[in-house]
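Q: sequence unknown, structure follows:
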């Protein structure tokens, strides 16, 4: 007999699996979990490390017990694997997977949602053994950089071929997932979304004094963010901007490229014009988006193949009303519409980017139309409630729920002690 659709009388229970909950740069995971919880879905998070519990509170977080290669459990598994297969290299991973299964059996979720491909691959055998649907979100490097490694290509291909759904945050990432072998019917695009109440619209001209233009960059200082290309573009744009206009570039973020950035800034003589703030909390980013007039990001495909998915900082900038100059890279053209709310250039084309930045420096009268278009685009396509509905619809489909539920009652917090499983 065909399976009957589920009733909505009980809240859907979803277990989210992420490496660290919640890192400074991964607001999108926290916003998703919290937003779904507020809409009546009972969410649990299993993670290897709990971060920022005070600034990003959430009641149902399960912290995995750390697996040591010298633990008796791992040593016993190594001996067994060596004797049975001749290869004990995966003993630590299998031990960690066993801990994962204990939490899954305790939570008893209707669905498992893994955030980033490698974690989907790790939990996939658990979901299969427990008979629980699995969906994995691919955000960028997990679909572009990881598959270049032979081991991970095999793991991710197996995941994409067998899991219930593979979600990409942009069309480019969806195409990468298809190349890994995901059936077309299981590939879904759900863009990142931001809470528009956290990023209220403000015209960039409202804070413009007519003499100083302030640019903003927000992101990790890693090769794919192209921070050195942005610095060079800014240097050239500065030389092409009338001297009556003072320029300032604010860089928010930290990472392995920071030392090279500081050195390049000094060599270019831009110490007074470029301020490197380092990593900052989200409220600081929001304040800077109110203060600055324009945002720039020169994303590139790095030498090891790493690419963006869909940078959340660009969505936040569009929502805030900042015109944007960026690159034709991965999901960025889905946020920055050429000539409408900003400009796009080819990767590593610092000459054209400098021209576009200089053009905006010299023509603040063009900001208003771009600003309004960007906000409207965010409202129609990139706001959090829209993406929450898309996720709910996918969850219901995978759990055989035929129709959207009526408003569910608020969930009662269920406190979960870290490391209790």
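A: Ah, there it is. Here the structure is a predicted model, which is why all the values come from computation and not from measurement.

Q: Got the domain ranges for the chain?
A: 13-193+383-398, 212-380 (automatic domain parsing).

Q: Least confident of these, on average?
A: Ranked by mean pLDDT, those bottom out at domain 13-193+383-398, with a mean of 89.

Q: Please enumerate the strands of the stretch 201-350 of the chain.
A: 212-218, 246-252, 274-278, 294-296, 324-327, 342-345 (DSSP state E, counting those that start in this stretch).

Q: Direction included, what does the shortest one pair against?
A: Meaning strand 294-296. strand 212-218 (parallel), strand 324-327 (parallel) (DSSP bridges).

Q: Contacts made by the shortest one with the rest, please.
A: Right, the one you point to is strand 324-327. Identification of contacts with strand 324-327 by C-beta atoms under 8 Å, 6 or more residues apart in numbering yields 226, 294-300, 314, 317-318, 332, 335-336, 341-347, 349, 353, 356-357, 360, 374. The C-beta positions use only the backbone N, C-alpha and C, and glycine is treated the same way.

Q: and stretch 251-270, how far apart are its ends?
A: 13 Å (C-alpha to C-alpha, to the nearest Å).

Q: just to revisit the earlier point, deepest-packed of the strands paired with strand 294-296, please.
A: Ranked by average neighbour count under the criterion mean count of other C-beta atoms under 10 Å, the strands paired with strand 294-296 are headed by strand 324-327 at a mean of 26.

Q: and it, how far out from the chain's middle?
A: Computed by C-alpha atoms, centre = their mean, to the nearest Å, the chain-centroid distance of strand 324-327 equals 18 Å.

Q: Next: stretch 165-182.
A: For stretch 165-182 - counting by C-alpha atoms, centre = their mean - the centre lies 15 Å from the chain centre.

Q: so which of the strands of the stretch 201-350 of the chain gets nearest residue 259?
A: strand 274-278 (10.6 Å; C-beta to C-beta).

Q: For stretch 17-27, measure first residue to last.
A: End-to-end distance for stretch 17-27, by C-alpha to C-alpha: 15 Å.

Q: Grab the longest helix from this structure for me.
A: helix 91-107 (DSSP state H).

Q: From the contact counts, what lies against that one?
A: Contact here means 3 or more C-beta pairs under 8 Å, 6 or more residues apart in numbering; DSSP states H and E; on that basis helix 91-107 packs against strand 13-21, strand 42-50, strand 61-63, helix 72-85, helix 117-130.

Q: any idea how far residue 389 is from residue 383?
A: In this view, residue 389 and residue 383 are 10 Å apart by C-beta to C-beta, to the nearest Å.

Q: ok, now residue 212?
A: 31 Å.

Q: hang on, the earlier thing: need the strands of the stretch 201-350 of the chain in CSV (columns: distance to residue 165).
A: Below are the strands of the stretch 201-350 of the chain laid out as CSV (distance: least, C-beta to C-beta, whole Å):
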stretch, distance to residue 165
strand 212-218, 30
strand 246-252, 34
strand 274-278, 38
strand 294-296, 32
strand 324-327, 29
strand 342-345, 30
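
Q: coming back round to it: for the helices and strands packed on helix 91-107, give me TSV that also has mean neighbour count and distance to residue 306.
A: Shown next, in TSV, are the helices and strands packed on helix 91-107 (neighbours: other C-beta atoms under 10 Å; distance: least, C-beta to C-beta, whole Å):
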stretch	mean neighbour count	distance to residue 306
strand 13-21	22	17
strand 42-50	21	22
strand 61-63	22	28
helix 72-85	14	31
helix 117-130	20	13
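
Q: Distance to residue 288 for these - can I get that in a markdown table?
A: Below are the helices and strands packed on helix 91-107 laid out as a markdown table (distance: least, C-beta to C-beta, whole Å):
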| stretch | distance to residue 288 |
| --- | --- |
| strand 13-21 | 25 |
| strand 42-50 | 28 |
| strand 61-63 | 30 |
| helix 72-85 | 46 |
| helix 117-130 | 31 |
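
Q: what's the closest of those to residue 279?
A: Closest among the helices and strands packed on helix 91-107, once you apply C-beta to C-beta, is strand 13-21, at 14.5 Å.

Q: re the thing from before, with distance to residue 205 as added columns, please give the domains of the chain in TSV.
A: Converted to TSV, the domains of the chain look like this (distance: least, C-beta to C-beta, whole Å):
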stretch	distance to residue 205
domain 13-193+383-398	23
domain 212-380	6
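
Q: picking up where we left off before, just the buried members of the contacts of strand 324-327?
A: 226, 294-300, 314, 317-318, 332, 335-336, 341-345, 349, 353, 356-357, 360, 374 (16 or more other C-beta atoms under 10 Å).

Q: Among the residues you listed, which ones are in helices?
A: Among those, the members falling in helices (DSSP H) are 314, 317, 318, 353, 356, 357, 360, 374.

Q: As TSV, these with distance to residue 258 would be great.
A: Shown next, in TSV, are these (distance: C-beta to C-beta, whole Å):
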residue	distance to residue 258
314	21
317	21
318	26
353	21
356	26
357	22
360	26
374	29
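
Q: which one of these sits closest to residue 51?
A: residue 314 (24.0 Å).
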